[in-house]
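Participant: Next come a sequence and a model predicted from it.
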Protein chains: 2
Amino acid sequence: MFSKACEYGIKASIYIALQSLQDKRVSLKEIAEEINSPVAFTAKILHQLAKNDILDSVKGPAGGFQIEKDNVEKLKLSHVVFAIDGDSIYSGCGLGLEKCNEKQPCPLHDKFVIIRNELKQMLEETSLLDLTSGLDLGITFLKR
Amino acid sequence: MFSKACEYGIKASIYIALQSLQDKRVSLKEIAEEINSPVAFTAKILHQLAKNDILDSVKGPAGGFQIEKDNVEKLKLSHVVFAIDGDSIYSGCGLGLEKCNEKQPCPLHDKFVIIRNELKQMLEETSLLDLTSGLDLGITFLKR
DNA sequence: TTTAATTCGGATAAATTTGTCCGAATTAAA
DNA sequence: TTTAATTCGGACAAATTTATCCGAATTAAA
């Protein structure tokens, strides 16, 4: 469903959000450990999220990544997914047709659009804050 | 969402189903043209579908692929997808956790399961026959 | 000012997916 | 029986995604 890059990006964002709520800035190394991801690859993804204003990054000793507290609730999964995978989740035909729409649909079009819209809605209404609460309570997990 | 292999497999199956309803056996070449796919790659996918009893294949002159008429309605998209991509669409955590379930869920688990179950249900209830009718009427398309 | 911790970012490599090539096997028709 | 059309299936190649490496730039602290 999501690419590996996107999975890492979402997990990292959730972890950073959780720590940011407690005013903690976190390093790449810590993030990769907490979400069980390859360090260097995670660096690239975090970099990309920073460029897209999902995260703030600070260089130098005691540097790392964080999210403005106000943004933890404002940032939705859709923002993270879009920053990494673009609109590939939203656009595009289920059967790979270049030009597939209501006027000239593939055989699966109608059924596919329904599912995709629900995915879209879920991504757009789920904030990073929503996803941190279970983690904090120890009832959801980011690794294993 | 689906892999290219799966997209080609679904489109090919729909086309073969449509022709089979009119007792026409179709060649690899014709299929690849009709669904706008690379011939040799399509061959591999058809071969795989034949091995999994989704299609019948006949070698030699006037050979090709077909689907038993009775099976056109019995075969669901889920069968085609499973023959090509395995259960990857169904199983697996949305965030890539090895062990993600009701007991030890990722933060996205509940929301993800809802979407995936709807996809699953759609694939399991949609038959090849369902997808041929629009094609036959010229209101749905397999290429462009 | 120097040092060390950190992100930045390009080059490269490994793995996977997608796609090509071609000879072997099969089989209907000439 | 020969020929030609076709699928079968393995080897290989290209493209994309995933992952690694390492030096440059930045910056807080010693």
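Facilitator: Done, it's in.
Participant: what pLDDT does the closest residue to A:Leu129 other than its chain neighbours get?
Facilitator: Using CB to CB, 6 or more residues apart in numbering or on different chains and skipping the chain neighbours, the partner closest in space to A:Leu129 is A:Glu73 (4.3 Å). Every C-beta, even on glycine, is put in place using the N, C-alpha and C of the backbone. According to the prediction, A:Glu73 has pLDDT 97.
Participant: where's A:Glu73, which helix or strand?
Facilitator: Using DSSP states H and E, A:Glu73 maps to helix A:69-74.
Participant: mean confidence for whichever helix or strand comes after that helix?
Facilitator: Remark: after helix A:69-74, the chain's next helix or strand is helix A:77-85, criterion DSSP H and E. Mean per-residue pLDDT for helix A:77-85: 97.
Participant: And for stretch A:37-45?
Facilitator: On average, the pLDDT along stretch A:37-45 is 98.
Participant: Say whether chain B is contacted by that stretch.
Facilitator: No. Applying CB under 8 Å from any CB of the partner chain, one finds stretch A:37-45 separated from chain B by no less than 8.9 Å.
Participant: Do you have the strands of chain A handy? List them.
Facilitator: Along chain A, the segments classed as strands by DSSP state E run A:56-58, A:64-66.
Participant: Would you mind giving these as a markdown table with distance to DNA strand C, mean pLDDT and mean neighbour count added?
Facilitator: Formatted as a markdown table, those follow (distance: least, CB to the nearest atom of the strand, whole Å; pLDDT from 0 to 100; neighbours: other CB atoms under 10 Å in any protein chain shown):
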| stretch | distance to DNA strand C | mean pLDDT | mean neighbour count |
| --- | --- | --- | --- |
| strand A:56-58 | 3 | 97 | 15 |
| strand A:64-66 | 4 | 98 | 22 |
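Participant: Would you reformat the ones you listed as TSV and include distance to A:Val26?
Facilitator: Listed next are the strands of chain A as TSV, based on distance: least, CB to CB, whole Å:
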stretch	distance to A:Val26
strand A:56-58	11
strand A:64-66	5
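Participant: Out of those strands, which gets nearest to DNA strand D?
Facilitator: strand A:56-58 (6.6 Å; CB to the nearest atom of the strand).
Participant: Now A:Leu135. Nearest residue, chain neighbours left out?
Facilitator: Closest residue in space to A:Leu135, ignoring its immediate chain neighbours: A:Leu18 at 5.5 Å, by CB to CB, 6+ apart.
Participant: quick revisit: could you check how many residues crowd around the residue nearest to A:Leu129?
Facilitator: For A:Glu73, the neighbour count with other CB atoms under 10 Å in any protein chain shown is 14.
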